[in-house]
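Visitor: Sharing a model that was predicted from the sequence below.
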Amino acid sequence: MTGFVRVEGIIKDYPSGTQTLRVLKGVSLTLAEKEIVAIVGPSGAGKSTLLHIMGFLDRPTAGEVFFRDRNVTSLADSELAALRNRACGFVFQMHHLLPELTALENVLVPLMIRSGIFEWVTRGASSKKRGRDLLERLGMGPRLRHRPNQLSGGERQRVAIARALVGDPEIVLCDEPTGNLDAATSREVQQLIKSLAAETGKTFVIVTHDMSVAALAGRVVRIEDGAIVSP
Ligand code: ADP
Ligand code: MG
């Protein structure tokens, strides 16, 4: 079966004292291009672990991972990191912004990592414009120079979303993106994710507890105790 990102028979074990804890028990999932998929399920079910494997942040204990039909399971760490940097954008529940950087600087971090010094010096201006444009699109124009501790929870999540999108990734992976937000702010961020998904045509995978977030998705995948269960 072809797909955009495909995982097959994924097993993930963690050592737990003298035993191993099997947190994914043979998960297979295919993402199509441009689709929005929600992953739901109880806490501890293995949702974040699966998201990290589909975003090349972590490796399975067994099973295979494909990106555009290329088997990337055994890529070297450096190649996997390069693929992740080019193809994936991440939004986490905790924004993981760098506290000493401004909103705009935080958004630019993935481009700095990608470009190297020479390219950054020669092409930095267009990157900065892209970062600024994205933050403005997200309603953050007046807060480009704020540091994370000067922003509200919803504003920080907007910065994190801009950072996920700035490198023009093919897939955006969100782990409980509204998990720390109050109901009204959560709705705003949901609306933004929905309109950005429509505008950009990127594939979105959203792990969530919140059924109103899951309602944004074209498909809901439920995971319980390390396995996909039918909805
Ligand atoms: P979810 O996101 O669905 O809440 P996770 O994927 O974060 O669940 O975790 C699934 C299970 O794996 C949990 O029981 C958790 O304690 C365990 N786990 C996650 N990461 C690690 C780790 N690095 N080492 C050991 N156990 C882990
Ligand atoms: Mg989780």
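Guide: Looks like it arrived, so ask away. Ligands and ions are numbered 1, 2, ... in the order given.

Visitor: then stretch 175-189 to PDB, C-alphas only?
Guide: Only the C-alpha atoms of stretch 175-189 are listed here, as PDB (Å, rounded to 0.1, in the frame of the first residue of the first chain):
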ATOM      1  CA  ASP A 175       0.700  16.700  20.400                       C
ATOM      2  CA  GLU A 176      -2.200  18.000  22.500                       C
ATOM      3  CA  PRO A 177      -1.800  21.400  21.000                       C
ATOM      4  CA  THR A 178      -4.700  22.900  23.100                       C
ATOM      5  CA  GLY A 179      -4.100  20.700  26.200                       C
ATOM      6  CA  ASN A 180      -2.900  23.700  28.300                       C
ATOM      7  CA  LEU A 181      -5.400  26.300  27.100                       C
ATOM      8  CA  ASP A 182      -8.700  27.400  28.500                       C
ATOM      9  CA  ALA A 183     -11.800  26.600  26.600                       C
ATOM     10  CA  ALA A 184     -12.100  29.900  24.700                       C
ATOM     11  CA  THR A 185      -8.400  30.000  23.700                       C
ATOM     12  CA  SER A 186      -8.500  26.400  22.800                       C
ATOM     13  CA  ARG A 187     -11.300  27.200  20.300                       C
ATOM     14  CA  GLU A 188      -9.300  30.000  18.800                       C
ATOM     15  CA  VAL A 189      -6.300  27.800  18.300                       C
END
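
Visitor: Which positions within that stretch qualify as buried?
Guide: 175-181, 185-186, 189 (16 or more other Cβ atoms under 10 Å). Using the backbone N, CA and C atoms, a C-beta is placed for each residue, glycine as well.

Visitor: Give me the subset of the residues you listed that also touch ligand 1.
Guide: Taking Cβ under 6 Å from any ligand atom, there is no overlap between these and the neighbourhood of ligand 1.

Visitor: Identify the farthest-apart pair in those.
Guide: Using Cβ to Cβ, these reach their maximum pairwise distance at 175 and 185, which is 17.3 Å.

Visitor: Which of the buried residues of stretch 175-189 lies at the shortest distance from residue 95?
Guide: Comparing the buried residues of stretch 175-189 against residue 95 with Cβ to Cβ places residue 180 closest, at 8.3 Å.

Visitor: interface residues of the protein facing ligand 1?
Guide: Proximity of the chain to ligand 1 (Cβ under 6 Å from any ligand atom) is limited to residues 14, 21, 23, 41, 43-49.

Visitor: one more time with 8 Å
Guide: Where the chain comes near ligand 1, counting by Cβ under 8 Å from any ligand atom, the residues are 12, 14-16, 21, 23-24, 41-52, 175-176, 207, 223, 226.

Visitor: Go ahead and build a ChimeraX selection from the buried members of these.
Guide: Selecting only the buried entries of the residues of the chain next to ligand 1 in ChimeraX, with 16+ other Cβ under 10 Å as the criterion:
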select :12,23,24,41,45,46,47,48,49,50,51,52,175,176,207,223,226
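
Visitor: Where does pLDDT dip in this protein?
Guide: 1-3, 231 (pLDDT under 70).

Visitor: which stretches of it form strands?
Guide: Counting by DSSP state E, the segments of the chain that form strands are 5-16, 19-31, 36-40, 62-67, 70-71, 88-91, 171-175, 203-207, 219-224, 227-229.

Visitor: Can you tell me which of these is packed in deepest?
Guide: With neighbours taken as mean count of other Cβ atoms under 10 Å, the strands of the chain reach their highest mean count in strand 203-207, at a mean of 25.
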